[in-house]
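**Student:** predicted model and sequence below, questions to follow.
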Amino acid sequence: MGLRDKLFGPDVKALLKEERYDEIAELASEDKRVVGKLIRALEDSGRWGRGRAAKTLVMIGEPAVGPLIRAIPPFLLDRDVDVRLAVPKVLEEIGEPAVELLTRALKDSHWGVRMHAAKVLEKIGDERAIEPLIGALKDSHGGVCRHAAAALGRIGDERAVEPLINELSDWNVGNVAAEALGEIGDERAVEPLINVLKNSNNVLSISNWEKRRTVAKALGRIGDERAVEPLISALKGKWPPDAYWASMRDEIAVSLVKISDKSAVEPLVGALKDSDSYVRWTAAWALGKIGDEGAVEPLIGALRGTGLVKMRAAWALGEIGDERAVEPLIGALMSTAGMLGVRMHSEIAVALGKLGDERAIEPLIRRLHDAEYRVCLGAVWALGEIGDKRALSKLRPLMKIGSRPKVVEASEKAMRKIERRMKNK
């Protein structure tokens with residue numbers, strides 16, 4: 001018996017058990033009666049049969065959407081909670097045409113149906129769901145509240161701002177509300193978010209770390225300069241030296257960079273002198289990303305230090321690109337650098353390449369035969385960036401057979417870059 005005969009025969013349930021979804025969907029494009037047959041199977045089958053029929057209808061696509069939407073409402077009233085739980089999953093595949101039915105599911109008596117409906121509305125992101133989702137923020141189940149807040153952030157409608165602000169202090173939904181406010185990006189949220197950041201400053205707990213990181217991220221996304229001082233204050237707080245709190249500080253630095261306001265430069269410069277090396281490292285990174293020339297002299301001062309802070313200061317100076325950094329960087333390149341010498345000298349060489357100043361050519365050439373190939377690679381790349389013909393005769397010997405493969409490859413690229421520049425002059 002062929003597929004068509006089975007589908008229109010007396011036992012369509014048996015056919016659905018074979019899970020020949022693709023074939024049935026293809027047949028539906030040729031015969032409009034297939035959709036009607038599957039809708040009847042959706043109404044008459046047991047739990048698993050309904051699921052199979054619904055999956056097939058979803059795969060059929062547009063021709064099945066209208067009939068499927070019309071067939072779903074009775075299932076939202078089914079006494080079997082498992083049937084109702086399956087509805088949001090089916091509606092997710094339908095997408096925007098299912099929004100109204102999903103908002104009805106937000107009022108189901110079972111928390112699982114409500115939560116799945118909120119999750120699907122988040123994925124669809126349709127503004128018609130705003131008011132029902134705002135109502136769901138007060139749901140008796142925490143999971144429903146969190147997914148409703150996330151959905152509101154995803155949709156990004158300003159009507160959700162005040163309701164989400166009201167949830168910031170809630171232990172259950174506060175983090176998601178903060179994230180949602182960051183996604184919406186409305187300036188009304190700035191002061192409430194700052195207050196959360198300040199009021200949780202002295203609480204050392206995992207939940208506090210997570211909330212403060214989320215709030216910092218939200219403030220960065222909104223990009224209001226009012227957040228600069230509170231973020232700097234949070235960056236300089238005395239927090240435990242573990243990965244959780246380090247992650248929080250990273251997020252604060254990223255937010256300061258996103259705000260990219262000149263008002264952030266002075267506090268970050270001050271943070272370069274903090275007693276905590278991680279704060280100094282993060283401040284140097286942020287200053288490099290912001291790229292303000294007012295940070296050059298303080299970063300040169302940090303270059304005289306040691307360790308990772310010195311290395312990050314070198315990187316930052318390369319990013320800013322101010323010629324005042326050339327001589328200090330050359331001095332650092334030619335100095336000994338202890339345990340971090342390899343990474344340090346490589347970073348400094350790259351920074352000099354970004355600056356592109358000819359004063360760096362001879363010092364970089366001296367590093368071409370460094371015992372550590374990473375330092376050599378940095379010097380090779382930098383010479384290629386500067387593009388001076390004097391480097392060609394020094395790079396050619398690195399191409400010899402038996403040389404380090406990565407150095408050979410880098411030297412070839414650098415020489416091609418220099419030669420192209422010479423031709424274009």
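**Tutor:** Great, that's in hand.

**Student:** quick one: secondary structure of P240?
**Tutor:** At P240 the chain is in coil, as set by DSSP: H, G, I helix; E, B strand; the rest coil.

**Student:** relative to S275, how far out is it?
**Tutor:** 15 Å (CB to CB, to the nearest Å). Heads up, the C-betas are built off the backbone N, CA and C, glycines and all.

**Student:** same deal with A264?
**Tutor:** Taking CB to CB, one finds A264 at 21 Å from S275.

**Student:** the two: who's more crowded?
**Tutor:** A264 (23 against 8; other CB atoms under 10 Å).

**Student:** is it true that that one touches K289?
**Tutor:** No. A264 is beyond contact range of K289, at 10.2 Å (criterion: CB atoms under 8 Å).

**Student:** hey, C-alpha coordinates of stretch 218-238 in PDB?
**Tutor:** C-alpha atoms of stretch 218-238 as PDB (Å, rounded to 0.1, in the frame of the first residue of the first chain):
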ATOM      1  CA  ALA A 218      23.500  46.600  31.300                       C
ATOM      2  CA  LEU A 219      25.000  50.100  32.000                       C
ATOM      3  CA  GLY A 220      27.600  49.500  29.300                       C
ATOM      4  CA  ARG A 221      24.900  48.700  26.800                       C
ATOM      5  CA  ILE A 222      22.900  51.800  27.700                       C
ATOM      6  CA  GLY A 223      26.100  53.900  27.400                       C
ATOM      7  CA  ASP A 224      25.200  56.800  29.700                       C
ATOM      8  CA  GLU A 225      28.200  58.700  31.200                       C
ATOM      9  CA  ARG A 226      26.500  58.900  34.600                       C
ATOM     10  CA  ALA A 227      27.600  55.300  35.000                       C
ATOM     11  CA  VAL A 228      31.300  56.000  34.800                       C
ATOM     12  CA  GLU A 229      32.100  56.900  38.400                       C
ATOM     13  CA  PRO A 230      30.000  54.100  39.900                       C
ATOM     14  CA  LEU A 231      31.600  51.600  37.600                       C
ATOM     15  CA  ILE A 232      35.100  52.800  38.500                       C
ATOM     16  CA  SER A 233      34.200  52.600  42.100                       C
ATOM     17  CA  ALA A 234      33.100  49.000  41.600                       C
ATOM     18  CA  LEU A 235      36.200  48.200  39.700                       C
ATOM     19  CA  LYS A 236      38.400  49.400  42.600                       C
ATOM     20  CA  GLY A 237      36.400  47.500  45.300                       C
ATOM     21  CA  LYS A 238      38.200  45.000  47.500                       C
END
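
**Student:** list the buried residues for it?
**Tutor:** Across stretch 218-238, burial judged by 16 or more other CB atoms under 10 Å covers 218-224, 226-228, 230-232, 234-237.
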